[in-house]
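1. got a structure for you, letters missing:
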């Protein structure tokens, strides 16, 4: 395959891994989150630092225990590929509705970057080493739910989430 086409394909597959990580986190799907990590991986999320399997277990439980909802939005990625290794810096915004500040729900927002070393294992890209960089964060008390009519379907952290039906997959918490 032409080198440029191969690089485009590798970058596409790496971006897919990044999106699968976010989906696993947001849906608290431990198996999906774990699937993005290499065998001998390491994730440094500050509060949790562990190999990919342990990180996925601890973080999914933390998400369930401390948040009502979690949502990641990915921004631009700068990805360099060198054979079966790659480096990536991907901007993100994470939003969590959780806990209470002064008796009210709080919307916590974090803007940062995933700085990743990735490897190709058995033909698939996996995160080998991740450091999460914080660029900014803010907590905003929630005073009202502007979508109070409740006409939109709520997201679920289980197989009841409509996305599992659409993708034909199973939630593996």
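-> Good, I have the coordinates. Since the model is a prediction, treat every value here as computed from it, not as a measurement.

2. so residue 117 sits right up against residue 128, yeah?
-> Yes. Shown here, residue 117 and residue 128 form a contact pair, counting by C-beta atoms under 8 Å, at 4.8 Å. C-beta here means a position set from N, CA and C on the backbone, and glycine is covered the same way.

3. more crowded one of those two?
-> residue 128 (21 against 16; other C-beta atoms under 10 Å).

4. If you count neighbours, what's buried in the strand or helix carrying the more buried one?
-> Assessed by DSSP states H and E, residue 128 sits inside strand 124-141. Within strand 124-141, the residues scored as buried using 16 or more other C-beta atoms under 10 Å are 125, 126, 127, 128, 129, 130, 132.

5. So what's the gap between that strand and the chain middle?
-> What separates the centre of strand 124-141 from the centre of its chain is 8 Å, taken as C-alpha atoms, centre = their mean, to the nearest Å.

6. Kindly report the same for stretch 56-74.
-> The chain centre lies 9 Å from the centre of stretch 56-74; the measure is C-alpha atoms, centre = their mean.

7. So which bits of it are buried?
-> Buried residues in stretch 56-74 (16+ other C-beta under 10 Å): 56, 58, 59, 60, 63, 67, 70, 72.

8. who touches the longest helix along the chain?
-> In the chain, taking DSSP state H as the definition, the longest helix is helix 3-26. Contact partners of helix 3-26, identified using C-beta atoms under 8 Å, 6 or more residues apart in numbering, comprise 1, 29-36, 56, 59-60, 63, 70-72, 74, 77, 79, 81, 86, 88, 90, 92, 114, 116, 118, 124-127, 155, 163.
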